[in-house]
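Participant: Sequence and predicted model, in that order:
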Amino acid sequence: MIRLCLLALSVALCLTGCMSGTIEPSVVMTGVAMVPTAIARIATPTALHASTEQMEQGLRVYRAQYCGVCHQLSVAETAGQFGPSHDGMAWTAQTRLLNPAYTGNASTPDEYLRESILTPEAYIVDGYALSSHPMPSYAHLSPKEIDVLVYLLAHQR
Ligand code: HEC
């Protein structure tokens, strides 16, 4: 009986979702919690769509701000050498946090990326302290621009 109800619920959710074309993330999240397998089928394309969009927006900001003058990032087709490479940045961020010499306040990779962009002086990567092209702060960007930059870099594996 419970199964039947869940099935009916998922069909109803699917119908509303599929017909309207947009599913609010909150609805999907609630759905995922209630009926994992049924909802997963409709949640996946939505989630993918959202992440591709964030990635593209991140790339747009990355290019518009010329991050690539100093950083290498293959998906953005940049090859800057004044700063550390952004390829594999998801792993690099974790490595920085585990480094006993880390002086910043972040405790997750996302926080580390945000801190690096907003207050780069909180921690200078080894070997760059005397750089003639130091990392500038991008605190003047909008919160949304910072979010998509962090998203982009946090997904470089
Ligand atoms: C003028 C050169 C320059 C520009 C432009 C620049 N950076 Fe940097 N960046 C650096 C240098 C040098 C470092 C290493 C020193 C440090 O940690 O501050 C760095 C470090 C970083 C780090 C930490 C990397 C690591 O390996 O831990 C991140 C993240 C970062 N930059 C993001 C960005 C983003 C995003 C942009 C564009 C919005 C940008 N940078 C633009 C020079 C630059």
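Facilitator: Received, thanks.
Participant: So what's the model's average confidence on stretch 126-145?
Facilitator: Summarised as a single mean, pLDDT over stretch 126-145 is 98.
Participant: so residue 57 touches residue 150, yeah?
Facilitator: No: the criterion here is Cβ atoms under 8 Å, and residue 57 misses it with residue 150 at 11.4 Å. All C-beta atoms are positioned from the backbone trio N, CA, C, and that covers glycine.
Participant: Neighbour count for these two, which is higher?
Facilitator: Between residue 57 and residue 150, residue 150 has the larger neighbour count (other Cβ atoms under 10 Å), namely 23 against 17.
Participant: Okay, and that one sits in which element?
Facilitator: Residue 150 is located in helix 143-154, with elements delineated by DSSP states H and E.
Participant: and residue 157, how many residues sit next to it?
Facilitator: Every residue meeting other Cβ under 10 Å relative to residue 157 is counted, giving 8.
Participant: Same question for residue 67.
Facilitator: Counted by other Cβ under 10 Å, the residues lying close to residue 67 total 22.
Participant: Please list the residues of this structure that sit near the ligand.
Facilitator: Neighbours of the ligand within the chain, by Cβ under 6 Å from any ligand atom: 65-67, 69-71, 82-84, 92, 96, 113, 116-117, 120, 124-125, 128, 131, 133-136, 138, 149, 153.
Participant: Could you pull up the contacting residues of residue 157?
Facilitator: The neighbourhood of residue 157, defined by Cβ atoms under 8 Å, 6 or more residues apart in numbering, consists of 88, 90, 91.
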